[in-house]
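Trainee: below are the sequence and a predicted model for it; my questions follow.
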Amino acid sequence: PIRCGPSQTRQKTSAPQNFPSYESLRQMYDPEVPEYFNFARDVLDAWEAKEKSGEKVQSTALWWVNEAGRQIKWSFEELGFHSRRLANVLSGECQLQRGDRVLLILPRIPEWWLVNVACLRTGTIVIPGTSQLTERDILHRLQVSKAKCVITDDSVAPMLDSVAPECSFLKSKLLVSGKKREGWRDFGELLRNHSCSHECVNTRSDEAMTIFFTSGTTGSPKMTQHSHCSFGIGLTVNGRYWLDLTEKDVLWNTSDTGWAKSAWSSVFAPWIQGACVFVNHMPRFDTSTTLSSYPITTFCTAPTAYRMLVQEDISRYTFSNLQHCLCAGEPINPEVMEKWKQMTGLDIYEGYGQTETVLIAGTFKGMKIKPGSFGKPSPAYDVQLVDDLGNIVPQGKEGNIAIRVKPHKPFSLFTKYTDDAQRTADCYKGDFYLTGDKGVMDEEGYLWFVGRADDVILSAGYRIGPFEVENALIEHDAVAESAVVSSPDPLRGEVVKAFVVLTAEYKTRNKDELRAEIQKHVKKVTAPYKYPRKVIEFVDHLPKTVSGKIRRVELRNKEWGKS
Ligand code: ATP
Ligand code: MG
């Protein structure tokens, strides 16, 4: 059974018969949630001790590289050393108290990891934000979070300075830079001048640890609060079962530092397992070169990145260490999975989750993969499909994807939307937390994503999930990527409209002929009522969130003449 703290060393195997069955995963999952828990002390410091005693198999906790060829490798001991010094900066120089909030806006640089760990050590609440935030976003985030401290770099500091007068609660600003800036404390200098001896705060398991903003795919990002045990213990499922990590693994997760996925797969899940977190800090990383140049065993990225990768000729690369590929955040098209398998011999294991939940469902090693389904419920959750009142719908029928919260709320579910009791309460119906996503469960317990509740199209009485139509579209050689949304129609109420990005070789083809050809193709491979009745619109790009998710809401609003 799972206990909190570092994992037991186990031998990695690629022999399918040696993977625990899904049923035994569910049985094995029996986490111990103690009254007090702090990931830095109970997991990271424990790895450090194992490293020192020689019990740890390999000792790189963080392996960072950039395009200039610089690299940094930190062992758990070094991570501990630097993060303790930073903890002293936060509670000394910055006068932060336990429970105070720290807004962290840094790109993929080692300091980002240090701040995360130092906040754990001091019991301060870290609120990560992407470097792509605008001045308005930053003001909004500061005002709603009432952060007392901000840590960022040169690219964001000027925007912060211009909004800071409107944020009276902001007490200290730390700059990660080679240069000085007026009104800012120098991160590097402070770090060098502080002691590495620090006693970790004894946080309660249910105490607030982080607030992540959601991706903002459907609207304004929401402040989602998690406790120390929720990520620190809850992400064991991700690390051990889904990512299938051991101490010997090197995991490259490409998520931007502003999204919960970076906490999942670039901090907690790998470090619970004692694995090495690999980071490539490049403005536009060349995935194939990276995978072939470093001994990456486990690769996790967004579906959009796989859609791009399968368009490339990667035959000149060898990914000799790569064993396990994963994706999450959006549905992955079966066509893309198949192409990736042809190109690399590897399957793509899908994960489904939310900022609010950690992993809800996924395909786990040793489990049959059904392309188009994101797998089975995580052992941490009882996932059911329910109607809008929280009643379980019959198997095979579409419903809201929901997590049972009664009689016991799972500890890995978010605590609340910060300062928004109404929105928090609205997610719960009957005995369930409703994700806002629609799906279907088949007779073997696999979950099939239909779409976000708002993205489902209602046409002449039929309910159409955009994902299914997009899967059919991408099977056509001309389609690199697509987004399917509803469009107004006097007869049917709504009809299916597709926005399509063409593959390179089809870009110059006659558009009317191509449109008719693609329409015919979709009609052939899905139920006829699902084909894009309204014109297919060819576009150069699809609107996406910073994390690479298609913003169908933007296209839909355009169709319906809404701003
Ligand atoms: P917002 O809540 O602000 O609109 P968001 O829901 O995209 O943004 P996240 O918490 O980052 O913010 O994303 C969770 C959502 O992403 C899920 O509710 C689901 O709609 C989608 N998602 C995640 N993984 C998958 C997957 N494997 N298949 C389909 N959809 C997925
Ligand atoms: Mg959401």
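Mentor: Okay, I see it. Ligands and ions are numbered 1, 2, ... in the order given.

Trainee: span of stretch 486-506 from start to end?
Mentor: With C-alpha to C-alpha, to the nearest Å as the measure, stretch 486-506 spans 25 Å from end to end.

Trainee: one more: stretch 278-288?
Mentor: First-to-last residue span, stretch 278-288, C-alpha to C-alpha: 15 Å.

Trainee: now that stretch: average pLDDT?
Mentor: Averaging pLDDT along stretch 278-288 gives 86.

Trainee: buried stuff in it?
Mentor: 278, 279, 280, 281, 285, 287, 288 (16 or more other C-beta atoms under 10 Å). Quick note: C-beta positions are derived from backbone N, CA and C, even for glycine.

Trainee: pipe these into JSON lines and attach distance to ligand 1 per row.
Mentor: Formatted as JSON lines, those follow (distance: C-beta to the nearest ligand atom, whole Å):
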{"residue": "278", "distance to ligand 1": "22"}
{"residue": "279", "distance to ligand 1": "20"}
{"residue": "280", "distance to ligand 1": "21"}
{"residue": "281", "distance to ligand 1": "22"}
{"residue": "285", "distance to ligand 1": "21"}
{"residue": "287", "distance to ligand 1": "19"}
{"residue": "288", "distance to ligand 1": "23"}
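
Trainee: in helices, which of the residues you listed fall?
Mentor: 287, 288 (DSSP state H).

Trainee: in strands, which of the buried residues of stretch 278-288 fall?
Mentor: The members of the buried residues of stretch 278-288 that map onto strands under DSSP state E are 278, 279, 280, 281.

Trainee: surely the first one and residue 245 touch.
Mentor: It refers to residue 278. No. With contact defined as C-beta atoms under 8 Å, residue 278 does not reach residue 245; the gap is 11.9 Å.

Trainee: overlap of the contact sets of these two?
Mentor: Common neighbours of residue 278 and residue 245 (criterion: C-beta atoms under 8 Å, 6 or more residues apart in numbering): residue 251.

Trainee: just give the closest residue to the residue in the stretch 51-200 of the chain that ligand 1 sits nearest to, not the sequence neighbours.
Mentor: Proximity of the stretch 51-200 of the chain to ligand 1 (C-beta to the nearest ligand atom) peaks at residue 130, 11.6 Å away. Once flanking residues are discounted, residue 130 sits nearest to residue 258: 2.8 Å by C-beta to C-beta, 6 or more residues apart in numbering.

Trainee: now do the one you found: how many residues are near it, please.
Mentor: Residue 258 has 24 neighbours, counted by other C-beta atoms under 10 Å.

Trainee: any idea of the pLDDT on it?
Mentor: The model's pLDDT for residue 258 equals 91.

Trainee: the closest residue to ligand 1 within the stretch 351-500 of the chain: what's its closest spatial neighbour, skipping adjacent residues?
Mentor: Nearest residue of the stretch 351-500 of the chain to ligand 1: residue 355, at 3.4 Å (C-beta to the nearest ligand atom). Closest residue in space to residue 355, ignoring its immediate chain neighbours: residue 260 at 4.1 Å, by C-beta to C-beta, 6+ apart.

Trainee: gap between the helix or strand in which residue 82 is found and the chain center?
Mentor: Here residue 82 sits within helix 76-91, counting by DSSP states H and E. In this view, helix 76-91 has its centroid 26 Å away from the chain centroid, taken as C-alpha atoms, centre = their mean, to the nearest Å.

Trainee: just list what it packs against, helices and strands only.
Mentor: For helix 76-91, the packing partners by 3 or more C-beta pairs under 8 Å, 6 or more residues apart in numbering; DSSP states H and E come out as helix 45-53, helix 110-122, helix 187-192.
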